[in-house]
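Asks: I need the structure of the sequence given here:
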Amino acid sequence: MRLLASTGPLFARPLDWALAVVAEAGYDGVELMVTQDPATQDAERVAAAAATEGAAIPVVHGPFLLLTRRVFGTDLVTKARRSLELAGELDADLMIVHPPFRWQRDFHSWLLKEGDAEAEEHGTRLGVENLYPVSVAGRPVRFHRYTEPAHLRPFQHVVLDTSHFGVAGVDITEAYRHLRDQAVHLHVSDNRGGGRDSHAPLGHGRLPLASFLHTVGKDAKAPGGPHASITLELDCRRYLDDRSALVGYLRQEREKCLALLEGASSEEVLGRPDLVQVAPGLDEDDPDQPTVPPVP
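Replies: Numbers count the residues shown, from 1 in each chain. Coordinates of the predicted model:
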């Protein structure tokens, strides 16, 4: 099972610097987040940096955040097609898209009818990620189409994000069991609750990550079972000005994840029970991911 780290939380630093940090922390590779940085958008530049820093790039995440809404154009089908082309040129075997908003029908139709075939033409796969309701005036509103496991059933390949399911109030282990045959990739992080997409360190939130990763780990060892790869998608802001501390933090989270995949207990690895009512890091400052919906 491949264990990757995302360059998304490191977007404020040069790409080669981010790749070197992830490689030094011992990950099997990198999930490349395409951002406003031209170095992330050009296959030759990405490949050169990856070769120099010794970092494989098996997964590309298209520019579907609010902050990257103009990268590769504003039309979502065009954006996805250019991202598939980039993934193909990098020999990545997965390109991840965020789900459309509920009024973005053309993109929704393309994902259902054409996306997988076009991905295959580029020698890659198209993975659809779950999102979460957005809080408006204190009430959750489902702007995105795919926030629950059943919403992802129509897709051949899905990407399950534990923090996003935490915001949506979805049981992460049951979601994985429901979609295990389609779940080709997992975004793993903790969630502190309170309706925020915190992408917190493992054990610093409320999610039952031990039972979730125990289930995933057993599947990975089973003959013919599902073998989803994993990206640790973690808030890294407090370490960005201290490279050594950042490497240590990423290595620590990698080791936690590997131990839980092997069946170690939550108390042993995370220092808390798997089920908690209050997140140990509830008062820590984690921002929401920038997914506030645009005006339709």
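
Asks: Nearest residue to the middle of this protein?
Replies: With distances taken as Cα atoms, centre = their mean, the residue of the chain nearest its centroid is H187 (3.6 Å).

Asks: ok, G203 touching V276?
Replies: No. Between G203 and V276 there is no contact under Cβ atoms under 8 Å: 9.5 Å. Glycine gets a C-beta too; all of them are placed from N, C-alpha and C.

Asks: The two: which has the busier surroundings?
Replies: G203 (22 against 16; other Cβ atoms under 10 Å).

Asks: what helix or strand does H185 sit in?
Replies: In this structure, H185 is located in strand 183-188 according to DSSP states H and E.

Asks: Each with direction, which strands does that strand pair with?
Replies: Sheet pairing of strand 183-188 (DSSP bridges) gives strand 158-161 (parallel), strand 229-232 (parallel).

Asks: CA atoms only for the last one - export them in PDB, please.
Replies: These are the backbone C-alpha positions of strand 229-232, laid out as PDB (Å, rounded to 0.1, in the frame of the first residue of the first chain):
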ATOM      1  CA  SER A 229      -3.500   4.100  -1.700                       C
ATOM      2  CA  ILE A 230      -3.500   6.800   1.000                       C
ATOM      3  CA  THR A 231      -2.500  10.400   1.100                       C
ATOM      4  CA  LEU A 232      -2.000  12.100   4.500                       C
END
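
Asks: Low-confidence stretches in the stretch 151-296 of the chain?
Replies: Within the stretch 151-296 of the chain, the stretches with pLDDT under 70 are 281-283, 285-296.

Asks: if we go to 80?
Replies: For the stretch 151-296 of the chain, residues meeting the criterion pLDDT under 80 lie at 279-296.

Asks: Show me where it has its helices.
Replies: Listed in chain order, the helices of the stretch 151-296 of the chain (DSSP state H, counting those that start in this stretch) span 162-168, 172-179, 209-221, 243-261, 266-270.
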